[in-house]
Every structure is written in structure tokens, then in C-alpha cells.
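A.B. asks: coordinates only, no sequence provided:
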């Protein structure tokens, strides 16, 4: 769905979003906490993948590791 930038809907939505960020004292861009969270989950997911590739695991442990890897991907 797209709305022309001059449409009343777009103008009202932009005003409401700007008002939310101003009242919540939140930046529109990512904060340091978001960068830290992303770095953590990227490292976690990369670690799970490396463990899958490099460690000789039994099949049941591989299934658990694949589930942990998928969880990491979902958290990014």
C-alpha cells in the first residue's frame, strides 16, 4: 500500500508518528542498545552455525542446534 506524500492520510500519519517519537523521547534512528542487541544476535547465530559446521554432533544434537540456529535468525 502506498500513499502520495501530499495525501491527507500521509500527512496525518507523519504528524502522529513524529508526535509519538517526541512524546516518548525516542530517536527515530537506532539507539546504542539496538546496535548492541543486533551484534549479540549476529554473534550468537554465527556461533551456532560454526558449531554445526565444525563440531561432530550426533543427529539429535544437530536437530537441537538447528533449532537454536533458527531461533538466532528469528531474533536478528
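C.D. replies: Structure's in. What do you need? Values in this document were obtained by computation on a predicted structure and should not be read as measured data.
A.B. asks: by mean pLDDT, point me to the weakest helix or strand of this protein.
C.D. replies: Among the helical and strand segments of the chain, the one scoring lowest on mean pLDDT, DSSP states H and E is helix 8-24, with a mean of 90.
A.B. asks: from the chain's centre, how far out does the helix or strand just after that helix sit?
C.D. replies: The helix or strand immediately downstream of helix 8-24 is helix 32-54, counting by DSSP states H and E. How far helix 32-54 lies from its chain's middle: 12 Å, per CA atoms, centre = their mean, to the nearest Å.
A.B. asks: number of nearby residues for the nearest residue to residue 38 once chain neighbours are set aside?
C.D. replies: Nearest-residue entry for residue 38: residue 76, 6.7 Å, with adjacent residues in sequence omitted and distances by CB to CB, 6 or more residues apart in numbering. (Each C-beta comes from the backbone N, C-alpha and C, glycine too.) Residue 76 has 11 neighbours, counted by other CB atoms under 10 Å.
A.B. asks: hang on, the earlier thing: the least confident helix or strand of the chain - contacts with which helices or strands?
C.D. replies: For helix 8-24, the contact count by 3 or more CB pairs under 8 Å, 6 or more residues apart in numbering; DSSP states H and E identifies no helix or strand as a packing neighbour.
A.B. asks: distance of residue 38 from residue 32?
C.D. replies: Plainly put, residue 38 is 11 Å away from residue 32 if you go by CB to CB, to the nearest Å.
A.B. asks: these two: who's more crowded?
C.D. replies: Taking neighbours as other CB under 10 Å, residue 38 and residue 32 compare with residue 38 leading, 13 against 7.
A.B. asks: do you know how far the more buried one is from residue 72?
C.D. replies: 12 Å.
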